[in-house]
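>>> based on what follows, work out the 3D shape:
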Amino acid sequence: MNQKKVFTWELAGFVIISLLGSFLHFVFDLLGKWPPAALIAAVNESTWEHLKLAFWPALFYALIEWPFFRRHAKDFWTAKAIGLVAMPIVIVSVFYGYTALAGRNFLWADISLFVLAVLIGQLLSCRILLRPSFRSRFKTPAMILLVLMIAAFSLLTFFPPHNPLFRDPLTGQYGILR
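Below is the predicted model:
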């Protein structure tokens, strides 16, 4: 697959992930707090729940890309795992960094940060897809990382640890509100 096609796919992913992630912020409430929706949609205003807004759309987009890339990109899932792990790292580090300095968060900054994290994740993925193959030495660790992330993003909304990352700053509660 040529560079232009890879870049176009990853750029389209940036737009789709950003839009779908923004929509997922409201899905849980729109569906009347239906518990299965909590698997992929934000259930409160904690940082953890906002990480899901980047993760699930990016994973779904990767699943859409896979049939088109599988013959041409041996490191596809490695690239996607790195992009998927970069998004929450960027969000958490920049969010807690800027709020520590500013003393509070700003909605415009939070939205910009989400979009920036998605862009960085997609650009990292693109960069890896365009480089020579790793000869599959990272494929197994990448798949393990993806499985662990899927498990974490699936379970920790329902069984959150009492950690500031999982605490809703508006209610003081953790995880899904029953």
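
>>> so what does the lowest-mean-pLDDT helix or strand in the chain touch, helix or strand wise?
In the chain, no helix or strand scores lower on mean pLDDT, DSSP states H and E than helix 139-155, which sits at a mean of 93. Judged by 3 or more Cβ pairs under 8 Å, 6 or more residues apart in numbering; DSSP states H and E, the packing partners of helix 139-155 are helix 47-69, helix 76-102. In this view, the C-beta of every residue, glycine as well, is placed from N, C-alpha and C.

>>> tell me which of these sits nearest to Pro169.
helix 47-69 (8.8 Å; Cβ to Cβ).

>>> before we move on, back to that, how about the least confident helix or strand of the chain, which residues are buried there?
Buried residues in helix 139-155, counting neighbours by 16 or more other Cβ atoms under 10 Å, are found at Lys139, Ala142, Leu145, Leu146, Met149, Phe153.

>>> hmm, which two among those are most spread apart?
Largest separation among the buried residues of helix 139-155 by Cβ to Cβ: Lys139 and Phe153, giving 21.2 Å.

>>> ok so, going back, give me the angle between the least confident helix or strand of the chain and helix 76-102.
Taking axes from the mean of the first three to the mean of the last three Cα atoms, to 10 degrees, one finds that helix 139-155 is oriented at 50 degrees with respect to helix 76-102.

>>> ok now helix 139-155, how far from the chain's centre?
Computed by Cα atoms, centre = their mean, to the nearest Å, the chain-centroid distance of helix 139-155 equals 12 Å.
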